[in-house]
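Novice: need a 3D model of the following:
(chains A and B)
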Amino acid sequence: MITARAGLRLVQHRIAALRRAVLTEVEDINRLIYHILRGGVIVSVAFLLFGFILTGVTGHPLPDKSIPPRLLGAELIRFTPAGYLNLGVLVLIFTPVARVLLSLLSFLEERDRAYVLMTGIVLTNLLISVVLLA
Amino acid sequence: MAMVEVLLLLAVAAFLAGLAGSYLGIGGGIFLIPFMTLALGIDIKVAIATSLIGVIATSSGAASVYVRDHLTNLRLAMFLEVATTLGAIAGAVVGILVPNIYLFLTFGVVVLYAAASMVRVAETAKDRAYRGGEDERPLVKRLNLSSVYFDQEDQGVYRYRVERPGAGFGASAAAGVFSGLLGVGGGFIKVPAMNILMRVPMKAAVATSNFMIGVTAAASAFIYYSQGLVNPQLAAMVIVGAFTGTNLGTRLLVRSKAANVRFLFAVFLAGLGIAMAARALGLFGGVL
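Specialist: Next up, the predicted model:
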């Protein structure tokens, strides 16, 4: 219970830090990338921790295989450890993707066409991976 | 070995991989995969999938710090990421189709190559300094790839010019293929490519490589995740361990001379490469 509360406080702290960053430091893309990358890992760890706590509380077994994203929703509603551990892993996988999206926005703002194109290609490649995932 | 022991050992290994990875600009998979397969007896494809997760954690943890400290060349990273993501998709598709023995053999060769390239790298302040002379390559100028960074080692601000963008692009594509194929970040190709081919100063190359690795690994990790090859328990240990390790590794890098430590790791990698190749070829009774 103590760890759960500590974890929650850590997440709240991160979200507050991210909001401050968005509000006051939009001009500094480096600062924003810092918060996206770090925040992504922290949120991921929070979900993983929650998954382990659920195992302790409910007695459900720990999973040893990844769950396809389309089946994940049902697991999350039923509060199974498998659901939240997999969600934690997925959040981590999507963290670098969020960073690329942020880069795209910043290059769009700068009207830097060559870099908007390159970022678009990188995102397309990542999308191809997601399609292969299905 | 009991599951609890495996998980604890993996967390410690991931901590060390995150520490070394953030310090050397690699994902750390190059240490984690052999440890998981050789010491913990985990199936290599599960090990690769777990390692990719660790690579993302290492990259995100380390890159966040390097980006904040303006050590990372964001434009160069974006340029090379085009190559690495393309390569990664090709590599991951090949990885699911190819038998394990070829994975071990390829890994052995790649690790030996990395060792050789690390020994060759040594950098002085003079090497870091801006070189005049001929004009920048048109592509470098057009994409505004050259940059500036602050080095805490000698409190100097270094302006550097990126050379040979085409060769660097090609090497990054190869790094991407290895990343998808073997679940390593490919940093051991990217760092020497940037440092030797493109003449990016060592610390900037390490920071930029760390930054890129997460995206390349994400592309591959998606594919492994969908195959049901990610074990969330192992992944959880690796994420926590690696992230903690990067908090120490990033602090070390900004202060120290990378050249000395690189040599030690080159020796370590050489041993590792021989071990992996020996396993693939069935030498030493497959004990190694």
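Novice: so what's the residue nearest in space to the middle of chain A closest to, chain neighbours aside?
Specialist: Note on chain A: the residue nearest the mean C-alpha position is residue A:91, at 3.1 Å, using Cα atoms, centre = their mean. Closest residue in space to residue A:91, ignoring its immediate chain neighbours: residue A:44 at 4.2 Å, by Cβ to Cβ, 6 or more residues apart in numbering or on different chains. For glycine as for every other residue, the C-beta is placed from the backbone atoms N, C-alpha and C.
Novice: tell me which element the one you found falls in.
Specialist: Per DSSP states H and E: residue A:44 is located in helix A:29-58.
Novice: okay, angle between the very next helix or strand once past that helix and helix A:29-58 too, please.
Specialist: Beyond helix A:29-58 on the C-terminal side, the first helix or strand identified by DSSP H and E is helix A:69-77. Here the directions of helix A:69-77 and helix A:29-58 differ by 60 degrees (axes from the mean of the first three to the mean of the last three Cα atoms, to 10 degrees).
Novice: in helix A:69-77, what's buried?
Specialist: For helix A:69-77, the buried set under the neighbour-count rule, 16 or more other Cβ atoms under 10 Å in any protein chain shown, comprises A:69, A:72, A:75.
Novice: which residues does it contact?
Specialist: Contact partners of helix A:69-77, identified using Cβ atoms under 8 Å, 6 or more residues apart in numbering or on different chains, comprise A:67, A:82, A:83, A:84, A:86, A:87, A:90, A:133.
Novice: what is the mean pLDDT for it?
Specialist: Average pLDDT, helix A:69-77: 84.
Novice: figure out how far that helix is from the centre of its chain.
Specialist: 16 Å (Cα atoms, centre = their mean, to the nearest Å).
Novice: quick check, distance from the helix or strand just after that helix to the centre of its chain.
Specialist: Downstream of helix A:69-77, the next assigned helix or strand under DSSP H and E is helix A:81-109. Relative to the centre of its chain, helix A:81-109 is centred 4 Å away, using Cα atoms, centre = their mean.
Novice: okay, angle between whatever helix or strand comes next after helix A:81-109 and helix A:81-109 too, please.
Specialist: For helix A:81-109, the succeeding helix or strand toward the C-terminus, using DSSP H and E, is helix A:113-133. Between the axes of helix A:113-133 and helix A:81-109, defined by the same axes, to 10 degrees, the angle is 160 degrees.
Novice: which strands or helices does helix A:113-133 pack on?
Specialist: Judged by 3 or more Cβ pairs under 8 Å, 6 or more residues apart in numbering or on different chains; DSSP states H and E, helix A:113-133 is in contact with helix A:81-109, helix B:74-97, helix B:138-143, helix B:202-226.
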